[in-house]
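K.L.:
okay, predicted coordinates and the sequence, questions at the end:
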Amino acid sequence: MGLHSRRRDSAPGPFPPLSPTISIPPPQILHPPPDPFPPSIFDSHSHAGGHSRRESLPGALFPPLSPPSATVHSRRDSYPGPFPNLPSPTSHESDSGLLPSTSSPSVNHYYHLDLGSHTNKRRVCLHDKESDLAWPFGELEGLDHDDIRETAYEIFFTACRSSPGFGGRNAITFYSKHDGNNGGGTSPAPALQASRVKRALGLKMLKGSLSQRMMWPTLPTDQSPRSRGAPRRAMTMAEVMRLQMGVSEQSDSRLRKTLVRTLVGQLGRQAETIILPLELLRHLKPSEFNDSHEYHLWQKRQLKFLEAGLLLHPSIPVEKTNTFATNLKDIIRSAEFKPLDTSKNSDTMRTFSNSVVSLSMRSPNDNPTNICHWANGYPVNVHLYISLLQSIFDLKDETSVLDEVDEQLELIKKTWSTLGINRPIHNVLFTWALFQQYVETGQVEPDLLCATHAMLNEVANDAKKERESFYVEILKGVLSSMQDWIDKRMLNYYEYFQGADIGQIENLLPVVLLASKVLGDVTNLDGKGQENGDKSMVDSSENRVDDYIRSSITNVFQTAMEVANAKSAESESKNEIGELMFQLAQETEYLAMRERQNYSPILKKWHTIAAAVAALTLNNCYGQVLKQFLSETTASIVSVVILVLQRSKSLEDVLVQMVVEDSADCEDGGKTVVREMVPFEVESTILILVRKWIDESLDKGRECLQKAKEFEAWNPKSKSEPYAKSVVELMNLSKKIVQEFFQIPIPITEDLVEELADGLQKIFREYIMSVAACGLKENYFPNLPPLTRCNRNSKFHKLWKIASPCSVSCEDPHIYGLYDANHPHSCTSRGTQRLYIRVNTLHYLLSHIPSLDKSLSLTQGIVPSNRRSSTNCTSYFETTNTAILAACQHVSEVASYRLMFLDSNSFFYDSLYVGDVVNSRIGNILTILKHNIKLMTAILTERAQPLAVKEVMKATFDAFLTVLLAGGTTRVFNESDHQNIQEDFNSLKQVFHSCGEELIEESVVEKEAEVVEGVIALMGMSTEKLMENLSTLSGETNGVGVGGNGQKLPMPPTTRKWNRTDPNTILRVLCYRNDRVANQFLKRTFQIAKRR
């Protein structure tokens, strides 16, 4: 960015020494731009006399916001008594022609002590960083509030230097009517006119103006000959401002000297053309300060302000490559620890001056300008201006505004051109100053809040016309901070407003509602309302008050809850927690009464159904706690729960009545609010409680089930109780649940019974599935050996013949080590015995479910249900019974196949008919089988034995068929072996016939034996007949005719469903037939390999 109005002496490099004052050409004709805003209510008519004031402030009146009555609010005197005497500070030598000082021994007599203590304490902070009222204007790094205040006074004094009392010809003075004049007679002083600003803002006049209260006495004759016989006079506005801003006489004197030296020959020069810190640095020397340290601190303040106004926060952005900015920054940094040499011959000072002037004299459009931009950048200008505005508040009574506020504001207005302030910005900052004063003084003065509202109306009018970004930024920051501060209190008004403070709500609400409306309008016009999604900004007044009510009620209820939670943490029983719920219901009812008596009458002015909304909120808050309480209770404390529910019903009736009464004037009679109230629904809550009890009880059942899955080993509970321990625990728990269910003191409906039964049934079925999870019978089938044709001269057959024949004994020490050769025993393994325990467990469950079903169906007092009667279901556990029977069938089948194909494998499949039939008959195997059946019936319960014996018979017959048809290369059969095999099978059948009709009927045995006997019949047929039958059946199966001699036939598939009409069965009989014809047929027709 370029620089404008460059001066020859601002060029870098060597240049001649500067003149005592940096000369800035005066403007040609500076016409102020037309004011786009019409006169405010705070603008007065111009004076007709010689002294021309610029639009003196107060004007038209408007009614104040809820002004307190005179009987209630009485103002105390700001200055109740005289100030203590202190000697005046040492005066420094003054220059000739110096502007008149605003201090005198009289002022020091009264004020010096106060400035040293109370005044400095009051004025030291532009804003309190620990306050919860957020400062919306940012911070100035390196500058404290004293620095800002002193610089603000310097700018103010420079701007007002030609005004009366600041060096002008005539100072405005006020004479007390009790004082005499030169002639010794009495002349009453003109009465101070009522302040138009205070009247417009609704502020009361004090008992006397500050200038009247601080009348200056006539000096003794020995102090000043010029003042002999002078009458007592009031302070000028220059003196008032100096004292209000806490500026010392020494600082004021130095400022006046600088202005005299700077403005020699330029008395008409405007303040905005003066770079005041630069002039002060040039003209004030270290000798004019008490010591070098004081001078260094003063110099650093001036440098810091130049840095803030020209580098950190300039009104016109500075490019990073700007040489003047770099030079200025370096010089300021070098002066941090050592004072800057400001002498005339200092090169550093020349560079510094040129940099400051060049940076200050820039303009946004690169046009030449005489206006200096060193204090009009944001937020520097705002900090300075607010410091000036704070001078309107009485130092002795900080809640009061001085009666001289009209003159003060008129003089402060002269700084606008230097600080870049206009009327809309002034209105915003003045609003902030009033509100901040109200907050920082403890919110004890409602007049300040009324004045804030009055100014907000002016701001609202300005906001409709002003769109400049700087203004909008300041406006949004101020209103947001005010709104946040009030929102914090109104969203929890029970905490912040109690007793006599409740009345403050009536003054705060209009302020926040108007601020919210203006802020919402500005945000929407700024195009960011929908972006930010801040609905609260555009809410109506009623909606905003509605939010305040709901939030405050929720917060105060939460406080009551915290107390209850603290007590519940000390409670050891559920009954004590129920008592706390009872007390919480009483506390909630008390809050409703308190709201209706204290807060609702005020809030009703902005919300027609304020009490109804409060009742609605309390209802819903308590309802949530009640719901949580009920969710954590069981039927074990039903009496306590019922007591709480009854008390809750009483509370609900009170709150509903409160809603109805408050909504009587509404169009819908309060139906809308009532619909928002969540009913407690005591009856349905009890039903929920019962269902919760059912769920908790079923959870116990599921825990028992999970324990059985993880730890059940399927060992018998005892010798007399041959079933699993887990089934006993599960059934006992189920019976207990049903018994406790009918002890609940409410009418039990059939629907609830069915819910409980369904839950138990799911647990039973899952348990049944875990019992039946024991594998499949196919897991125990031996792998079928490949089919080969029998070769009479095979090497294996010859070796078998050479070996001496031996009979198969039941001794198998390699596997079991349990049996004696002469005394064979059962070979049933432990795993098979555990399967028998599973079967017993299922039958135990099957035998106890009917009693459970009877308890659920026949208990007196059950309320019938149409839904159940329409299903025509006779038992609650019908599907469970079906599942148990299917599981018994499956487990018995698996146990039988395990017994025959695993436990008895070495005695049956691995031994029967190995080598030849004659030497390996079935006799010893039958003995072992009988022992296995005897052991099985000893373990199984009586009801489980018939099914188990039948499944053992099926598995035995299947094993016998496997020996005949898939016995492997160790077995060959002749046609003549048919008779012996038939005899062995008859003996095998006799084992099951001997079990008795109570275990298995003879007809059942014969029916299962038909398949085996059919296969044995095939083994008695001639080879030619077998070949013919195979060819015929294979042709019919594959849709071809009977194969001729030498014709190939398809290989019949193996299905293990062996019978005399199955082609695969006939093929296997031929494969094991020790016959040459069969051998040739198999080779020619099926290309089956011969045995090795």
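P.N.:
Received, thanks. Numbers count the residues shown, from 1 in each chain.
K.L.:
where are the low-confidence patches of the stretch 651-800 of the chain?
P.N.:
Low-confidence segments of the stretch 651-800 of the chain (pLDDT under 70): 792-800.
K.L.:
and residue 782, how many neighbours?
P.N.:
Other residues within reach of residue 782 by the criterion other Cβ atoms under 10 Å amount to 15. For glycine as for every other residue, the C-beta is placed from the backbone atoms N, C-alpha and C.
K.L.:
mind checking the SS state of it?
P.N.:
Local secondary structure at residue 782 is given as coil here, using DSSP: H, G, I helix; E, B strand; the rest coil.
K.L.:
isn't it right up against residue 962?
P.N.:
Yes - because the distance of 6.9 Å satisfies Cβ atoms under 8 Å, residue 782 is recorded as touching residue 962.
K.L.:
anything in contact with each of those two?
P.N.:
With contacts defined as Cβ atoms under 8 Å, 6 or more residues apart in numbering, the residues shared by residue 782 and residue 962 are residue 909.
K.L.:
hang on, residue 750 packs against residue 864?
P.N.:
Yes - using Cβ under 8 Å, residue 750 is in contact with residue 864, at 5.6 Å.
K.L.:
who has more neighbours, the two?
P.N.:
Per other Cβ under 10 Å, whichever of residue 750 and residue 864 has more neighbours is residue 750, with 17 against 10.
K.L.:
now the more buried one: closest residue in space, sequence neighbours ignored.
P.N.:
Distances taken as Cβ to Cβ, 6 or more residues apart in numbering put residue 865 closest to residue 750, at 3.6 Å, once the chain neighbours are dropped.
K.L.:
which residues are in contact with that neighbour?
P.N.:
The neighbourhood of residue 865, defined by Cβ under 8 Å, 6+ apart, consists of 749, 750, 751, 754.
K.L.:
which strand or helix spans the third one?
P.N.:
According to DSSP states H and E, residue 751 maps onto helix 750-772.
K.L.:
what residue ranges in the stretch 51-200 of the chain are flagged as low confidence?
P.N.:
Scanning the stretch 51-200 of the chain for pLDDT under 70 picks out 51-125, 167-193.
K.L.:
go again with 50.
P.N.:
For the stretch 51-200 of the chain, the stretches with pLDDT under 50 are 51-100, 103-124, 169-191.
K.L.:
over to the chain?
P.N.:
In the chain the weaker segments, taking pLDDT under 50 as the threshold, are 1-100, 103-124, 169-191, 216-230, 529-538, 794-824, 1041-1042, 1044.
K.L.:
torsion angles phi and psi at residue 413?
P.N.:
The phi and psi torsions at residue 413 (degrees, to the nearest 10) take the values phi -60, psi -20.
K.L.:
go ahead and confirm it touches residue 422.
P.N.:
No - the pair formed by residue 413 and residue 422 falls short of the contact definition of Cβ under 8 Å, at 10.2 Å.
K.L.:
not counting its neighbours along the chain, what's nearest residue 278?
P.N.:
When the adjacent residues along the chain are set aside, residue 278 lies closest to residue 356, with 5.1 Å between them (Cβ to Cβ, 6+ apart).
K.L.:
enumerate every residue touching that neighbour.
P.N.:
275, 278, 306, 310, 328, 374.
K.L.:
the same query, at a cut-off of 10 Å, please.
P.N.:
Taking Cβ atoms under 10 Å, 6 or more residues apart in numbering as the definition of contact, the neighbours of residue 356 are 10, 22, 275, 277-278, 281, 303, 306, 309-310, 324, 327-328, 331, 372, 374.
K.L.:
from those residues, which land in helices?
P.N.:
Using DSSP state H, the members of the contacts of residue 356 that fall within helices are 277, 278, 281, 303, 306, 324, 327, 328, 331.
K.L.:
quick one: which of those is nearest residue 907?
P.N.:
The shortest approach to residue 907 among the ones in helices among the contacts of residue 356 belongs to residue 328, at 112.4 Å (Cβ to Cβ).
K.L.:
who are the contact partners of that closest one?
P.N.:
When contacts are counted by Cβ under 10 Å, 6+ apart, residue 328 touches 303, 306-307, 310-311, 318, 322, 351-352, 354-356, 358-359.
K.L.:
residue 669: how many residues sit nearby?
P.N.:
Neighbouring residues of residue 669 were enumerated by other Cβ under 10 Å; the total is 13.
K.L.:
skip the chain neighbours and tell me the closest residue to it.
P.N.:
Residue nearest to residue 669 in three dimensions, not counting chain neighbours: residue 663, with 6.0 Å by Cβ to Cβ, 6+ apart.
K.L.:
wait, residue 1019 sits on residue 1071?
P.N.:
No - using Cβ atoms under 10 Å as the test, residue 1019 is too far from residue 1071 to be in contact (11.9 Å).
K.L.:
between the two, what contacts are shared?
P.N.:
Counting by Cβ under 10 Å, 6+ apart, the contacts common to residue 1019 and residue 1071 are 965, 973.
K.L.:
residues touching residue 785, list them.
P.N.:
966, 967, 968, 969, 970, 971.
K.L.:
that one belongs to a strand?
P.N.:
No - residue assignment for residue 785, taken from three-state DSSP, gives coil, which places it outside any strand.
K.L.:
next, give phi and psi for it.
P.N.:
On the backbone of residue 785 - angles per degrees, to the nearest 10 - the values are phi -70, psi 160.
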